[in-house]
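Student: just coords:
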């Protein structure tokens, strides 16, 4: 219902409704342009993620598609929050950057977080509510898409 009201208000020039309507449309277009199911969604970004194992080491591999643009050598953290869960993950490499995509007209950022084997089951659980990405001055709050 809120989406319809925002659409109506934006038609009459309400600035906050226009911005809200744009953000909703922007996020929806990102999701529709990729065939995989999103792991989590923020206002202007979509996170695709999976737990991977390589040579006995476990990683939480994420790809963030949207307006998030960064180039850093200081790494990032991902706070996983939910029912009885509060876990902070750190990037496995401190240096990463976003790449611009002409095709989708947005940025693509790949960030890998090294995790322990026991954390792999936490990240696949349905009781995660929010993921908070902190990198440089950016703080992006993702809500789970399930």
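Tutor: Structure received. Since this is a predicted model, take the numbers as computed values, not measurements. Numbers count the residues shown, from 1 in each chain.
Student: which SS state does residue 119 fall under?
Tutor: Under DSSP: H, G, I helix; E, B strand; the rest coil, residue 119 falls in the helix class.
Student: which secondary structure element contains residue 88?
Tutor: Taking DSSP states H and E as the definition, one finds residue 88 inside strand 85-90.
Student: and this protein, what are its domains?
Tutor: 1-33, 37-144 (automatic domain parsing).
Student: where among those domains is the average confidence lowest?
Tutor: With a mean of 50, domain 1-33 has the lowest mean pLDDT of the domains of the chain.
Student: returning to what we had before: export the domains of the chain as a markdown table, with columns for mean neighbour count.
Tutor: Every residue, glycine included, has its C-beta placed from N, CA and C. Output for those, formatted as a markdown table (neighbours: other CB atoms under 10 Å):
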| stretch | mean neighbour count |
| --- | --- |
| domain 1-33 | 14 |
| domain 37-144 | 16 |
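Student: rewinding a little: after the strand holding residue 88, which helix or strand is next? Please name it.
Tutor: The element immediately downstream of strand 85-90 (helix or strand, assigned by DSSP H and E) is strand 96-101.
Student: Could you spell out the sheet neighbours of that next one, each with its direction?
Tutor: Strand 96-101 sits in its sheet next to strand 71-72 (antiparallel), strand 106-115 (antiparallel), going by DSSP bridges.
Student: what's that strand in contact with?
Tutor: Here strand 96-101 makes contact (CB atoms under 8 Å, 6 or more residues apart in numbering) with 68-72, 75-76, 106-111.
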